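1. Structure for this input, please:
(2 chains)
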Amino acid sequence: MSGAAENSADGRADRSGTEEVPSFRYTAEMAGEIERRWQQRWEELGTFHTPNPSGSLQGDTSGAEKLFVQDMFPYPSGSGLHVGHPLGFIGTDVYARFHRMLGRNVLHTMGFDAFGLPAEQYAAQTGTHPRTTTENNIERYLSQIRRLGLGHDERRRIATTDIDFYRWTQWIFLQIFHAWYDFDADDGKGRARPIGELEQQFESGERATPDGRPWGDLTRAEQRAVLDSYRLVYLSEEPVNWCPGLGTVVANEEVTAEGLSERGNFPVFRRNLKQWMMRITAYADRLVDDLDRLEWPEKVKTMQRNWIGRSRGANVVFELPGSTSGIEVFTTRPDTLFGATYMVLAPEHPLVDELIAARGEDQGWPEGTDERWTQGAASPAEAVAAYRHAASMKSELDRQETREKTGVFTGAHATNPVNGESIPVFIADYVLMAYGTGAIMAVPGQDQRDWDFASVFGLPIVRTVEPPQDFEGEAYTGDGPAINSSSQVTGLSLNGLDVEEAKKEIISWLEEHGHGSGSVQYKLRDWLFARQRYWGEPFPVVYDSDGTPLGLPEDQLPVVLPEVADYSPRTFDPDDANSEPEPPLARAGDWGAVELDLGDGLRKYERDNNVMPQWAGSCWYQLRYIDPDNDERFVDPDNERYWMGPRPDRHGPDDPGGLDLYVGGVEHAVLHLLYSRFWHKVLYDLGHVSSEEPYRRLYNQGYIQAYAFTDSRGVYVPAEEVQERDGKFFHNGQEVTREYGKMGKSLKNSVSPDEMADAYGADTLRLYEMSMGPLEASRPWATKDVVGSHRFLQRLWRNIIDEHTGQLRAVDIEPDLEMRRALHKTIAGVREDYGELRFNTAVAKLIELNNRVTKEYSAVAGTPREVVEALVLMVAPLTPHLAEELWSRLGHEAGLAHGPFPVADEQYLVEDTVEYPIQFNGKVRSRTVVAASAGQDEIREAALADEKIAAALDGKEPRKVIVVPGRLVNVVG
RNA sequence: GCCCCCGUAGCCCAAUCGGCAGAGGCGGCGGACUCAAAAUCCGUGUAGUGUCAGUUCGAAUCUGACCGGGGGCACCA
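-> Just a heads-up that it's a prediction; the model follows:
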């Protein structure tokens, strides 16, 4: 050491010593100090407390337009956040802060979707109660996000695991349980109604009972069974997805295309088990149709449409000669009935046994049966049995991998109703029992799958739609005139009609002659709602001695989770399809047995021992944000109407209402967003909310991804220790392989927001995340780039505060005209960018303006207050702590969270002169400056007078001169 | 296999109605400060927009085909 002075006496940094960073520079340490101070201040002042029209959070809501912004409900994972997690949270915060500064009443908060498997699995391993784990994780999560300075109304935080919250989840369940769907209501659109109204219809005789007996003649149990069959929540003994590896059943939406559970990747089996279902299918049409009323990404709408899978067509019955029954098929192309040359039943179709039995088990093949149809079996019965056995052995994956068409002839024939022709009936696994009627009419001329099957089995192919002249394919699915579509037997002809006309015509013919009717099919299935787990909402249901499920009265809520010795359901060998679910609540001692008076005296009942799926809480949490501690209702109607009600004046006459901006990842496109819309619509139908949709506008943020590196053994090495040389990557001198993808601890490429905040401050992290690209784009994380955002904040700071003295540099001097113009152009641009979530370009504009200020004023005594104050206000949504600090140092006592926000002055947005590029034959050759007020002729003259253009023309007349006002001139020679 | 989105500088990204390819950041290079380095500051633009056609006075932008990347659906009748 040289023995230099360690401190300087005058407060300035000693520039000759070891202390070289100026004392008042905006460093990470200073940022941290500022951030802690302002976060504390905001909390003390309740800066982000948002008033409601009524209730416990009542305040003045007059005058200000409301804005409800929400992030998708995070799960408080115990492993901590990486820098990708808060991307959307910061985005919504910037948007919310911008609008708050504009004077809007902004609701922005965040709660936790806290039920779920990880805490339960941890409990099973360690004995720690899931509530303890969950609460610790929430605290950890909060400490990480609080550091980011998100302007949340902390009074509105909720967690789905709070008893005060899940009490209302149970209450909503009961509303749905005590409702039925009246398909005739609202002119056929349908509406959920209280079950009591259905009972009245039966009592009064307005609606007939299933077997026609008067309602009063039914026993109470029979009445209950009838009502239960109508409920929006019902017990069903249909095939469900049983996952032995998890020990629970799961919803269709939770099974991957490969037939594995989304969580855990365990095999899932179709099993008949008695389970709770929600009748989401009743809402299929409204869930599809109302997508048109939402401001959502098309991609998500498409995914929902595909999932619901509505297709319109007709059900047609093909008679079986010598039998009273027929084969009913669903088809979207009834116009092609004349091309139906055979039929196919799904192998599991119940009619198959009847067909075999009708001909006689020991009957051989009909005379002249094609060899290809028999699979070498001696009889249809034998062939069918063999085929069914083979089909049942195939997994979903096998079926998908081999698309070759297989099947066998059943020996039976059916009659095509349009022409009376007898056509053979096959079974084949390309027809699925679960869709439509489990049977098809095969039209090889217009369906490629049928074409393929017909080719293998040598079946006739009849085109009934004329393909274009140049058509070279096999099956033709396009539009065209109908051909080969008439019959002397029935007198029907569709020839010459186009597809749409033919469909209409044939449907009315089918209906008239009793052969079928128009129909709509959906892929959507009812929602399997029960899980055999511990850490979820218990069902508010008990069973009486007959096993009839009864909804508990409201005053019995909440049903609190019991203490148990073992938190896990029994799990099984993942491949043990025949195991049976054993839920933890079934082992909760005497919890399950209750004595209640449900109207007919004190009796014994048994509690339901399932819990709700994790999606339940997120189906309605936005409503609880509105009124988090209302203990009279799940949400106050005034408050709901204020925050979520339709605003036709602002969003058009068709506005369904809902919150104003919902930001989250696209992975919830089907599951959460579909379930939530469903619940919301039920609540709307029952009159509990005024909005028809929960989320008016949806925005999908991208993912922050990262590079990961593996060594020669395939083991991940710490990404931060990898060095790049000449396009290759090295770790400790060894070359490693680069992969691109997720960020995660196991990939050793995780970067936490805390370490970034330590190194640069939270404001820098916020700014960087917003500036690295558009919010919706996925992009790689680059720690080394963060310094650029930090330098910008340092330069901004330096324009206002002297780094060496801490003195204010802003003074009351007039900026010149060019600076004013730059300022107002920036204001106009930044306002627009913020409003449209284009934070990256807003940042660029702010940096540009700040660089201009630096260039012009860094060498002189002070910077113009007018410019730097506007800069501070404009940067505030992005870097709120720094902005508040500078704003206060600029002499403002009140904070800036509620504005003002600079307004652009139009007079500085128009230029006096415009520089026009002059193109010659489309290439820029010169430039000329003309008055902004110049007319087309003047601009043209100025361009032609230009030396270089005159030279290019070489004395000739231009063939054409294109003048684009405000843009350029193109001279065509 | 079908459908959708995206390809701009070494990297992340801008570019209103089709109108000057560059706003911003990283890196690189040069310089200042330093004994030196880090930090900081100043300066510096290297691609003609994945490829090939077409429309146009003019194409990153519109159209078609192809290549590459990402996503969705996948025997749904």
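2. Only C-alpha atoms from now on, for both contacts and neighbour counts.
-> OK.
3. Near the closest residue to RNA strand B within the stretch 551-700 of chain A, how many residues? Count them for me, please.
-> The stretch 551-700 of chain A approaches RNA strand B most closely through A:Glu667 (7.2 Å), counting by CA to the nearest atom of the strand. The tally of other residues near A:Glu667 (other CA atoms under 10 Å) stands at 11.
4. In three-state terms, label it for me.
-> The assignment at A:Glu667 comes out as helix when based on DSSP: H, G, I helix; E, B strand; the rest coil.
5. just A:Asp184 next, same as before
-> Applying three-state DSSP to A:Asp184 yields a three-state assignment of coil.
6. Please determine how far the residue lying closest to it once chain neighbours are set aside is located from RNA strand B.
-> Nearest residue to A:Asp184, sequence neighbours excluded (CA to CA, 6 or more residues apart in numbering): A:Gly190, at 5.4 Å. From A:Gly190 across to RNA strand B, the span is 23 Å (CA to the nearest atom of the strand, to the nearest Å).
7. any idea of the pLDDT on A:Gly190?
-> Here the pLDDT value assigned to A:Gly190 is 95.
8. Surely A:Asn137 is within a strand?
-> No - counting by three-state DSSP, A:Asn137 falls outside a strand, being helix.
9. What count of nearby residues applies to A:Glu367?
-> Neighbour count for A:Glu367, taken as other CA under 10 Å: 7.
10. Ok, the one 10 residues further on next?
-> Applying the criterion other CA under 10 Å, we find 17 residues in the vicinity of A:Ala377.
11. and the residue in the stretch 701-850 of chain A positioned nearest to RNA strand B, how many neighbours?
-> Going by CA to the nearest atom of the strand, RNA strand B is nearest to A:Gly788 of the stretch 701-850 of chain A, at 3.1 Å. By the criterion of other CA under 10 Å, A:Gly788 has 13 neighbours.
12. now swap in A:Asp447 and tell me
-> 16.
13. any idea how far RNA strand B is from it?
-> Between A:Asp447 and RNA strand B the distance, using CA to the nearest atom of the strand, works out to 7 Å.
14. contacting residues for the closest residue to that residue other than its chain neighbours?
-> Take A:Asp447 and drop its neighbours on the chain: the residue closest to it by CA to CA, 6+ apart is A:Ala475, 5.2 Å away. When contacts are counted by CA atoms under 8 Å, 6 or more residues apart in numbering, A:Ala475 touches A:Pro444, A:Gly445, A:Gln446, A:Asp447, A:Gln448, A:Trp451.
15. Could you look up the SS state of A:Pro562?
-> Criterion first, three-state DSSP; result for A:Pro562: coil.
16. so it makes contact with A:Ala586?
-> No - A:Pro562 is beyond contact range of A:Ala586, at 10.5 Å (criterion: CA atoms under 8 Å).
17. These two: who's more crowded?
-> A:Ala586 (18 against 14).
18. before we move on, the earlier item: how many neighbours does the residue nearest to A:Asp184 have?
-> Counted with other CA under 10 Å, A:Gly190 comes out at 17.
19. That one against A:Thr281, yeah?
-> No - in this structure, A:Gly190 is not within contact of A:Thr281 by CA under 8 Å, at 11.9 Å.
20. Would you map the strands across the stretch 101-250 of chain A?
-> Assigned by DSSP state E, counting those that start in this stretch, the stretch 101-250 of chain A shows strands spanning A:105-109, A:179-182, A:191-194, A:233-236, A:239-243, A:248-250.
21. Oh, that last question was meant for the stretch 751-900 of chain A, not what I typed.
-> A:779-780, A:810-811, A:863-864.
22. if we compare the ones you listed, which one ends up closest to A:Glu803?
-> With CA to CA, the closest approach to A:Glu803 among the strands of the stretch 751-900 of chain A belongs to strand A:810-811: 13.1 Å.
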